[in-house]
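> The amino acid sequence is not available; the structure is as follows:
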């Protein structure tokens, strides 16, 4: 269970409150107007923003002040997810060994992860020689090797076309299923939320509302979401 | 607990401050009291300001038509010419001076022409020669700064002007003149600042009561009178001039000269015929290229049989330049990282510390170091290390200008990713930072090496015949009127400087994908 306990996040002239819990293994879409604080919320969970007050707990363990790498969290950002000067293999291997050393086991596991996301034979390519969808797959392969129970996705597929995006979400779902991951994904597209299934969490007007089943939310959207969806 | 690289950066900043302020304090303590400034010292102050002001006015005034022509015309070789305008930055001063002597000197092309017309000869030595050399160096710089101003005018303005049927005079008055009013004062001030600390030009072309700058006077007080008290007093005077000029410069924004996109010509309509622009480009190109061509013509045949001391000096110069480049980066890289990591106010302070070299004159630092060190160590034994060190401190501001934004960009692009993966310490440096900044790093190393290779400044204070660098050796050959040997040495020095820059800059570009 990921618990945000009376969490208050502030940035210059902006504040966001969250007091909610996300069950283990849940798949949560984070919806809301741009500028509402979706990325801020993810940054706090990922360890890139210190909360003004409140606590973040994972299974009862306080991780509010933990370093990003020491958290039970793997993050996939909106962009710059891969180091452009390293091959796909080396990028993936960093998920296992952040010293950058490539032992035989590290190499084998990284290759297996690449194979698992459908990138057999792409190990020696650098990101510049991969398509957007392939880059997303490399990132996902690395996140798998990081082996963290929580996967945060900050709109990483927004630059992909609809078909490719759906494919990537399905891949995320498969990986999450296999490993029992808790997934939090920011999106501005209700179709993504529906595809992800599970829950949706609306961020609007300075509040991150507790998650509710997505289908239920879409059938009967609260006012903030209704404005956003223009219904 | 701070990370090692941050601590190293703070230490680097402290070292620069210690070196510069320490030498200023040494100078202040040693300065001759009571006697005050003599007539010759006042003359040096007057000449320093006079020549800097004239150099600034001429450089900028001549740069305006050249920049305008480059901004509004397209022609073959335009991009090459713009690149060449950046070259004087790494051109050794003494090489350019010798080239100018080949064209404007007693037996130069100009005087040959004047003699053929039955006109009296002109002399390059003296006050006007100093100004001429400064214009040679700063006309390209001023042109680049002003061209940047032109390029920054949105192309839509000229399209609108064309739609309204504006003639070129009206375009100039309404669009270009306001830009010039903004850019020109800053450009002139930059040139003025550079010329107030000119040493090598004054050493080679100036001298005597009417063409001695303060820096030259410091050198003469050292070499000819060994009057440390007076040298220190002059160093204080120089410091005052530099600080005053720097304070004025802080109030006027200096224009950008290293910016990208200079080779993009703006489409223009309603231009007058190309005569004036062609003339401006041709004359400027001749002025900048002829001295180098004359130098090559004179020096090439003698390259093979240069005296052995030239080769020995060349070897020392290469060692000094490499040492200085390594030192520059050893200071600049941790400084840039620390600037990125510290809180804004501490970071700003650290950056200013690293930039101090831009306000200090090498001869002032050299004087201070001499005063501190000579009771303990023979100056000529220190000549090469001190030269490398002072050159590094002088190159540091340029390296920081390149590296601080580059490091900050890597941090903003990949800092979170590196943190989320747990990349830290040496692994982060090796896997993330260094591969992402190879280009600016190579460029900065190349600049530092080339600047040091061509420097004729502090080494002149410390070195005797056994420890001469190539620029100093060249100066001695010129002093002995061995012009052919000097020209050959100049070609060697020019080649070494350009090669040093090219190799490092290339190295940074190789394998720089995505």
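Happy to help now that I have it. The structure presented is a predicted model; accordingly, all values stated were derived computationally and were not measured. Numbers count the residues shown, from 1 in each chain, chains lettered A, B, ... in the order given.
> ok, and the closest non-adjacent residue to residue B:484?
With CB to CB, 6 or more residues apart in numbering or on different chains as the criterion, residue B:484 has its nearest non-adjacent residue at 4.8 Å, and that residue is residue B:302. Every residue, glycine included, has its C-beta placed from N, CA and C.
> for residue A:180, what are its contacts?
The neighbourhood of residue A:180, defined by CB atoms under 8 Å, 6 or more residues apart in numbering or on different chains, consists of A:24-25, A:149.
> Distance-wise, check the most centrally placed residue in chain B relative to residue B:110.
What sits nearest the mean C-alpha location of chain B, by CA atoms, centre = their mean, is residue B:89, with 5.0 Å. For residue B:89, the distance to residue B:110 equals 26 Å [CB to CB, to the nearest Å].
> again with residue B:206
Following CB to CB, the distance that separates residue B:206 from residue B:110 is 19 Å.
> go on, residue B:371?
According to CB to CB, residue B:371 and residue B:110 sit 43 Å apart.
> Equivalent analysis for residue A:217, please.
Plainly put, residue A:217 is 85 Å away from residue B:110 if you go by CB to CB.
> and those two? which has more neighbours close in?
Of the pair residue A:217 and residue B:110, residue A:217 is the one with more neighbours under other CB atoms under 10 Å in any protein chain shown, namely 23 against 16.
> from what I can see that one touches residue A:200, true?
Yes - between residue A:217 and residue A:200 there is a contact under CB atoms under 8 Å: 5.0 Å.
> Near residue B:185, how many other residues are there?
15.
> got the contact list for the closest residue to it other than its chain neighbours?
With CB to CB, 6+ apart as the criterion, residue B:185 has its nearest non-adjacent residue at 5.7 Å, and that residue is residue B:252. Contacts of residue B:252 were listed using CB under 8 Å, 6+ apart, and they are B:185-186, B:189.
> What sits closest to residue 197 if chain neighbours are left out?
Picking chain A for this. Using CB to CB, 6+ apart and skipping the chain neighbours, the partner closest in space to residue A:197 is residue A:27 (6.0 Å).
> ah, no, chain B please
Leaving out its chain neighbours, the residue that sits closest to residue B:197 by CB to CB, 6+ apart is residue B:361, at 4.4 Å.
> show me what contacts that neighbour?
Applying CB under 8 Å, 6+ apart, we find residue B:361 in contact with B:197, B:199, B:215, B:235, B:238-239, B:242.
> cool, residue B:449 as well?
For residue B:449, the contacting residues are B:321-322, B:324-325, B:500-501, B:504, taking CB under 8 Å, 6+ apart as the criterion.
> Alongside chain A, which residues does the stretch 301-450 of chain B contribute?
Taking CB under 8 Å from any CB of the partner chain as the test, the list of the stretch 301-450 of chain B residues beside chain A reads B:413-414, B:416-417, B:419-424, B:427, B:430-432, B:435-436.
> of those, closest to chain A?
Proximity to chain A was ranked across these by CB to the nearest CB; first place goes to residue B:422, at 3.0 Å.
> That closest one: how many residues sit nearby?
By the criterion of other CB under 10 Å, residue B:422 has 18 neighbours.
> And for it, nearest residue in space, chain neighbours not counted?
Residue nearest to residue B:422 in three dimensions, not counting chain neighbours: residue A:69, with 3.0 Å by CB to CB, 6+ apart.
> shouldn't the one you found be in contact with residue A:98?
Yes - if you go by CB under 8 Å, residue A:69 and residue A:98 touch, sitting 7.1 Å apart.
> shared neighbours, those two?
When contacts are counted by CB under 8 Å, 6+ apart, residue A:69 and residue A:98 are jointly contacted by B:421-424.
> Which members of those residues are the farthest-apart pair?
B:421 and B:424 (9.4 Å; CB to CB).
> joint contacts of the two?
The contact lists of residue B:421 and residue B:424 share A:69, A:98, where a contact means CB under 8 Å, 6+ apart.
> Could you pull up phi and psi at the residue nearest to residue B:197?
In terms of degrees, to the nearest 10, the main-chain angles of residue B:361 are phi -100, psi 140.
> if we can go back for a sec, redo the contacts of residue B:449 as TSV? Include distance to residue B:131.
Output for the contacts of residue B:449, formatted as TSV (distance: CB to CB, whole Å):
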residue	distance to residue B:131
B:321	29
B:322	34
B:324	30
B:325	32
B:500	29
B:501	27
B:504	33
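> Quick check, the residue in chain A closest to chain B?
Chain A approaches chain B most closely through residue A:69 (3.0 Å), counting by CB to the nearest CB.
> for the nearest residue in space to residue A:68 that is not next to it in sequence, phi and psi?
In this structure, residue A:68 finds its nearest non-sequential neighbour in residue A:47, 3.6 Å apart by CB to CB, 6+ apart. Main-chain torsions, residue A:47, degrees, to the nearest 10: phi 100, psi 20.
> Please tell me I have it right and residue A:47 contacts residue A:74.
No - counting by CB under 8 Å, residue A:47 sits too far from residue A:74 to count as a contact (11.4 Å).
> re earlier: residues in contact with the residue nearest to the centre of chain B?
Applying CB under 8 Å, 6+ apart, one finds that residue B:89 lies in contact with B:141, B:447.
> so it, which of the three states?
Under the three-state scheme (DSSP: H, G, I helix; E, B strand; the rest coil), residue B:89 adopts helix.
> sorry, back to before: between residue B:421 and residue B:424, which has more neighbouring residues?
Comparing residue B:421 with residue B:424 by neighbour count (other CB under 10 Å), the higher total belongs to residue B:421, at 27 against 15.
> Just want the phi and psi numbers for that one.
With angles defined as degrees, to the nearest 10, residue B:421 sits at phi -90, psi -10.
> Write out the residues of chain A neighbouring chain B.
Applying CB under 8 Å from any CB, one finds that chain A approaches chain B through A:46-48, A:67-70, A:73-75, A:77, A:80-81, A:83-86, A:94-95, A:98-100, A:126-128, A:142, A:146.
> change it to 6 Å
Proximity of chain A to chain B, by CB under 6 Å from any CB of the partner chain, involves residues A:48, A:68-69, A:75, A:80, A:84-85, A:94, A:98-100, A:126, A:128.
> Buried residues, stretch B:184-204. List them.
Within stretch B:184-204, the residues that qualify as buried are B:184, B:186-204, counting by 16 or more other CB atoms under 10 Å in any protein chain shown.
> Residue B:406: neighbour count?
Burial of residue B:406 is recorded as 21 neighbouring residues (other CB under 10 Å).
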